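J.: show me how the following folds:
(one chain, ligands or ions: 2)
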Amino acid sequence: MFCNQCEETAKGTGCTIKGVCGKECDTAAFQDVLLYLCKGISIRNIAAMENREGNTEAGSFIPEALFSTLTNVNFDNERFREFIRQAIRIRNSIPPLKGKEPDACTWTPISDTDITKKEKEIVTDAMIQDDIRSLRSLLVFGLKGVGAYYHHAAVLGFTDESIVAFLQKGLASTLQDLPADQMTTLVLECGGIGIKTLALLDKANTSTYGNPEITPVKTTVGRRPAILITGHDLKDLEQLLDQSEDSGVDIYTHGEMLPTHAYPAFKKYPHLVANYGGSWWHQKEEFESFNGPVLVTTNCIVPPKDSYKNRVYTTGLAGYPGMTHIPSSTGGKKDFSSLITHAKTCPPPTAPDPADRDLITGCAHEAVLSIAGTVIEAVKNGDIKHFIVMAGCDGRQRSREYYTEFAKALPMNTVILTAGCAKYRYNHLDLGTIGGLPRVIDAGQCNDCYSLVVIAKALADAFGVGINELPISYNIAWYEQKAVLVLLALLHIGVKSITLGPELPAFISPGVLNVLVENFGIGKNSSVAEDIPRMVPGA
Ligand code: SF4
Ligand code: SF3
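T.: Numbering: from 1, shown residues only. Ligands and ions are numbered 1, 2, ... in the order given. Next comes the predicted model:
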């Protein structure tokens, strides 16, 4: 295997024996081959679409397939075998190209051994470190982010053919020997598609569940048996809440489900009681002490301990061998009755020690824009001197304590804008308020990064300046490929001088890094003592 798609990749270069995330070699092979087949589908389908013979199933299949290969989504080989069978069926239903086709358009595995052999070829090429391969990786990982966000929107019935068309164009380009300038253009175009996809998802979420409201969320536990839900899928939460109403079972959120407490549609359920625990990588301790069943929606899932594995259920694209998977039937309906019955046999959650304060969330675009006057006034009178965007992911390394220390050391007249699970490094701190406004503005999940773009644009309009002239700095923490897309999206809207950490992507070659530094001023984070004066003028 060779995988370098996430921030925690082994030795900062690539996982080759087993993933730091827990991904085994055989799963890596299934994922690489699935991606390869999606490239084959794309090459055929682009030509077929021009002749009005395109396969429409590819439009929902490709985002799902890409999302399933994202870090910490699916560790289940059986599910990948099924994906591969589907990919071949879809590809073979598309008219072949005239003339010689690339191998990805025709190759068909008969056995797992064929898959392993093909993966060796794919990996041997991927291990060559040059600028073209680096640009291809940057594009493919950005496309995985598009696939993830698009899938979430599509689950709620919101689709856009231009996004699906770009996914195919991008995938096909990686087999077409394009020169570096054309690959760079596609990478930047991917950022634009990223904004479009995030906007689509924002529309899907807010028109289905309402606009989030600024909301304090409890972190204490009650005495009733309970189910914990983690991941990003709002529709799964909706169905779980509906089915567990009046059952005597409470629902708690974990990780990226925290912001769901802020949606009007979910506030009407009194048994959605609190948030339990922190970000994804604390699962081993927090799932253990929760005592009841856990529903893992897409993503992140961490390989479980045996002691609680039988209490973990996956759904959506999340998967882990041996765990019960709740499938969806026609119309996206899911049956969570087995979790509800299971919960009734379990003790209530063990109280966290020490319990956190209430966590404030729901500071999405409409909530913040409704108090825009207060924010603008606070900037004008100097109560707010600077904003720091600290969106992105959390992760395991100790070096991420940097983000906690950074948040603590910021001057009191600065405001943090955040989205994603990175916030768990500082959202429990008492950082105070400015004129009643929390100093940590949590727009929601990483899926809600679009809110930060809307807020930044609204501030730029209010002050009549460009986005880079605003008193905003960017200190982004990344881990998986959705964060790669968010980075490309920020570049697309022209944001300069982004600080990225805690490590730069291993798949970025020195040549590509130079381009990012020279054109966009991207740099790695350093120490809190060096970064605060650099990012906060006058600090
Ligand atoms: Fe390694 Fe990250 Fe790939 Fe997992 S996703 S195998 S940790 S690079
Ligand atoms: Fe987190 Fe997985 Fe990226 Fe959604 S839950 S931000 S890492």
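
J.: show me the contacts for Trp281.
T.: 300, 302, 394-396 (Cβ atoms under 8 Å, 6 or more residues apart in numbering). C-beta: built from backbone N, CA, C; applies to glycine.

J.: number of residues surrounding the residue of the stretch 201-350 of the chain found nearest ligand 2?
T.: Minimum separation of the stretch 201-350 of the chain from ligand 2 (Cβ to the nearest ligand atom) falls at Cys300, amounting to 3.5 Å. Cys300 has 26 neighbouring residues, counting by other Cβ atoms under 10 Å.

J.: again with Gly331
T.: Other residues close to Gly331 by other Cβ under 10 Å number 5.

J.: hmm, back to that, hmm, the residue of the stretch 201-350 of the chain closest to ligand 2 is touching His254, no?
T.: No - if you go by Cβ atoms under 8 Å, Cys300 and His254 don't touch, sitting 10.7 Å apart.

J.: sorry, back to before: most surrounded residue in the contacts of Trp281?
T.: Cys300 (26 neighbours).

J.: tell me the secondary structure at that residue.
T.: Using DSSP: H, G, I helix; E, B strand; the rest coil, the structure places Cys300 in coil.

J.: pull up the residues of the stretch 401-539 of the chain that are close to ligand 2.
T.: 420-421, 445-446, 479-480, 482-483 (Cβ under 6 Å from any ligand atom).

J.: from ligand 2, how far off is Ile132?
T.: For Ile132, the distance to ligand 2 (Cβ to the nearest ligand atom, to the nearest Å) stands at 27 Å.

J.: with pLDDT as extra columns, can I get the contacts of Trp281 in CSV?
T.: CSV is the format used below for the contacts of Trp281 (pLDDT from 0 to 100):
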residue, pLDDT
Cys300, 96
Val302, 97
Asp394, 98
Gly395, 98
Arg396, 96
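
J.: contact residues of the stretch 1-150 of the chain facing ligand 2?
T.: Residues of the stretch 1-150 of the chain lying near ligand 2 (Cβ under 6 Å from any ligand atom): Asn72.

J.: and the helices in the stretch 1-150 of the chain?
T.: 25-50, 57-68, 77-92, 112-126, 131-155 (DSSP state H, counting those that start in this stretch).

J.: those helices into TSV, with extra columns for mean neighbour count, mean pLDDT and distance to Asn427?
T.: What follows is the helices of the stretch 1-150 of the chain, written out as TSV (neighbours: other Cβ atoms under 10 Å; pLDDT from 0 to 100; distance: least, Cβ to Cβ, whole Å):
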stretch	mean neighbour count	mean pLDDT	distance to Asn427
helix 25-50	22	97	32
helix 57-68	23	96	26
helix 77-92	17	98	33
helix 112-126	15	93	37
helix 131-155	25	97	22
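
J.: dump the ones you listed to TSV, plus distance to Gly511.
T.: As requested, those are exported to TSV (distance: least, Cβ to Cβ, whole Å):
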stretch	distance to Gly511
helix 25-50	24
helix 57-68	26
helix 77-92	33
helix 112-126	17
helix 131-155	4
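
J.: just send these back as JSON lines, with distance to ligand 1 too.
T.: JSON lines is the format used below for these (distance: least, Cβ to the nearest ligand atom, whole Å):
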{"stretch": "helix 25-50", "distance to ligand 1": "6"}
{"stretch": "helix 57-68", "distance to ligand 1": "13"}
{"stretch": "helix 77-92", "distance to ligand 1": "14"}
{"stretch": "helix 112-126", "distance to ligand 1": "11"}
{"stretch": "helix 131-155", "distance to ligand 1": "10"}
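
J.: among those, which is nearest Ala539?
T.: Among the helices of the stretch 1-150 of the chain, helix 131-155 comes nearest to Ala539, with 32.1 Å by Cβ to Cβ.

J.: for the following helix or strand past the closest one, name the packing helices and strands.
T.: Later in the chain than helix 131-155, the nearest helix or strand by DSSP states H and E is helix 161-173. For helix 161-173, the packing partners by 3 or more Cβ pairs under 8 Å, 6 or more residues apart in numbering; DSSP states H and E come out as helix 25-50, helix 57-68, helix 131-155, helix 180-209.

J.: how many neighbouring residues does Lys18 have?
T.: Neighbour tally, Lys18, other Cβ under 10 Å: 15.

J.: and if you look at Asp202?
T.: With other Cβ under 10 Å as criterion, Asp202 counts 24.

J.: what does Glu469 give?
T.: Glu469 has 10 nearby residues by other Cβ under 10 Å.

J.: now do the contacts for it.
T.: With Cβ under 8 Å, 6+ apart, Glu469 has these contacts: 460, 463.

J.: so what's the residue count around the nearest residue to Asp160 once chain neighbours are set aside?
T.: Closest residue to Asp160 apart from its sequence neighbours, by Cβ to Cβ, 6 or more residues apart in numbering: Leu200 at 5.6 Å. By the criterion of other Cβ under 10 Å, Leu200 has 21 neighbours.

J.: where does pLDDT dip in this structure?
T.: 355 (pLDDT under 70).

J.: need the residue closest to the centroid of it.
T.: Lys482 (4.0 Å; Cα atoms, centre = their mean).

J.: using the three-state scheme, assign that residue.
T.: On the basis of three-state DSSP, Lys482 is classed as helix.

J.: from ligand 1, how far off is it?
T.: 13 Å.

J.: same question, Pro510
T.: 19 Å.
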